[in-house]
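K.L.:
just the structure for this:
(chains A and B)
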Amino acid sequence: MIRHHPGDELLLACAAGTLAAGEAIVLGAHLEGCAQCRASVRLFEAAGGTMLEAIEPALMLPEALASTLANIDRIPAPVARPAKVPLRRPSLPPGVKWPRSLAHCAASRWRWMGPGMRWSRIRVPHDPAAKLFLLRIGAGKSLAKHTHRGRELTHVMCGSFHDGRALFGAGDFDAADESVRHQPVLESDGECICLASVQSPLVFDGMIARWVGSLVGI
Amino acid sequence: MPTSDELIELVNAVALRSDRGAFSALFKHFAPRIKAYLMRSGMAPELAEELAQDTMVNVWRKAASFDSERAQVSTWIFTIARNLRVDHFRRAHLPAAADDRSAALGADDLDPLTLAVHDAPGPEEEMIAGRREAAVRNALRQLAPEQRQILWMSFYDEQSQTRISDELDIPLGTVKSRVRLAATHLRRLLQGIES
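P.N.:
This next block holds a predicted model:
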């Protein structure tokens, strides 16, 4: 059961098309499993439609309709779809699926970032600068205490953790910012994999944690 | 101003009969509004003109996929224009050496909601149909004027919240909490209509 959902401001930003590419992917992963949030996004899209009706119209060029009518007959140039090269991605535990929002993204192999902790960098083809990654943490482990500059969005793909504020499990969504300083601690029910986007590197407490943070660039 | 039933008729005429007269009527109604929306989103007039025309070309090509049970015409056209805008900014920011996988992605390939729905939508997703448009308008009228303004501005602007903060001369944190309030209030009003 999903207990934690994105806030309305994020669902509205999704409907408005103003989320950064990496954030849209994390939110999309939540939407895939959450009919309630999908319905909310559709409501906000309906508000977008009503906004379009209410807006003061701009003046189109005099020849706009004629040139558009000429364009609708033109058969769209076939887009050169690249050969179906399978995306390079690391393996996931049995039963865990890649979110559909990552359909176009490759991901690095699992890299070590500490005992029982691995991570994978995700390449977003349409936004190479996106800071998007998977964290894979073993049962009972904890992540170093950290805070954020800007916004961190997280979608739990499997497993569960408690970060001092609440318990998060598969399908749950979390948004954290400067005001949140937390230390996610895993439950003992198995490893946890999260999809996360950050706007700028995390700020870890403590020397070693900082070193590990700078090592993995998250 | 055409009624929402008339708009549905026009889209159906385009879908079933490739009716250019119906398309022209849709164009006259929506193209100037799409252009205005894109300009308020921070786009230069020439570019907004071009993308407004592109949006209408897409309306012609996709008319058969329009489903009046799921969305009103203006909502459907809004999402087409929105996806083209997102796609435009994505391409504009791509480095020249970007791989062809990215170049091949279309404007609709990246919409989180489209990607998320792979099966037919469940009952709770049955959308505000076109005939309930008036109810949506009513719900929006019930929002306090400043909430409506905040909500509209969230749709318009790329850097919406920072710009809202400057334009209204209120701190960014206040904008964020007002957007949250306006959005939550609207969702409650609309869900009241749904249930």
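K.L.:
make it CA atoms for all contacts and neighbour counts henceforth
P.N.:
Fine.
K.L.:
the chain: helices as residue ranges?
P.N.:
Picking chain A for this. A:8-16, A:21-33, A:35-54, A:64-72, A:207-216 (DSSP state H).
K.L.:
nope, chain B
P.N.:
Using DSSP H, helices in chain B cover B:4-17, B:20-40, B:45-62, B:73-93, B:100-103, B:112-116, B:133-142, B:145-156, B:160-167, B:172-194.
K.L.:
in a markdown table: those helices, plus mean neighbour count, distance to chain A and mean pLDDT.
P.N.:
What follows is the helices of chain B, written out as a markdown table (neighbours: other C-alpha atoms under 10 Å in any protein chain shown; distance: least, C-alpha to the nearest C-alpha, whole Å; pLDDT from 0 to 100):
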| stretch | mean neighbour count | distance to chain A | mean pLDDT |
| --- | --- | --- | --- |
| helix B:4-17 | 18 | 10 | 94 |
| helix B:20-40 | 21 | 4 | 96 |
| helix B:45-62 | 21 | 6 | 96 |
| helix B:73-93 | 21 | 4 | 90 |
| helix B:100-103 | 17 | 5 | 64 |
| helix B:112-116 | 22 | 4 | 78 |
| helix B:133-142 | 17 | 7 | 75 |
| helix B:145-156 | 20 | 5 | 83 |
| helix B:160-167 | 16 | 8 | 77 |
| helix B:172-194 | 18 | 5 | 79 |
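K.L.:
low-confidence ranges in chain A?
P.N.:
A:76-85, A:200-218 (pLDDT under 70).
K.L.:
residue of it with the smallest distance to chain B?
P.N.:
Of all residues in chain A, A:Gly49 sits closest to chain B, at 3.7 Å by C-alpha to the nearest C-alpha.
K.L.:
from the centroid of the chain, which residue is nearest?
P.N.:
Reading this off chain A. Among the residues of chain A, the one closest to the centroid is A:Val26, at 1.7 Å (C-alpha atoms, centre = their mean).
K.L.:
the intended chain is chain B.
P.N.:
Mean-position check on chain B, C-alpha atoms, centre = their mean. Result B:Phe78 at 2.6 Å.
K.L.:
B:Leu115: what's it in contact with?
P.N.:
Residues near B:Leu115 by C-alpha atoms under 8 Å, 6 or more residues apart in numbering or on different chains: A:Gly28, A:Glu32, A:Arg100, A:Ser101, B:Asp109.
K.L.:
actually A:His155, not the one I wrote
P.N.:
Listed by C-alpha under 8 Å, 6+ apart, the contact set of A:His155 reads A:Val26, A:Leu27, A:Ala29, A:His30, A:Ala170, A:Gly171, A:Asp172, A:Phe173, A:Asp174, A:Cys194, A:Leu195, A:Ala196.
K.L.:
leaving out the residues flanking it, which one is nearest to it?
P.N.:
Among residues not flanking A:His155 along the chain, A:Phe173 sits closest, at 4.7 Å (C-alpha to C-alpha, 6 or more residues apart in numbering or on different chains).
K.L.:
count of residues packed around that neighbour?
P.N.:
Residues near A:Phe173, counting by other C-alpha atoms under 10 Å in any protein chain shown, number 26.
K.L.:
surely it meets A:Pro6?
P.N.:
Yes. Between A:Phe173 and A:Pro6 there is a contact under C-alpha atoms under 8 Å: 6.0 Å.
K.L.:
now the common contact residues for the two.
P.N.:
A:Leu27.
K.L.:
one step back: can you select the buried ones from the contacts of A:His155 in PyMOL?
P.N.:
Buried residues within the contacts of A:His155, by 16 or more other C-alpha atoms under 10 Å in any protein chain shown, are selected in PyMOL with:
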select buried, chain A and resi 26+27+29+30+170+171+172+173+174+194+195+196
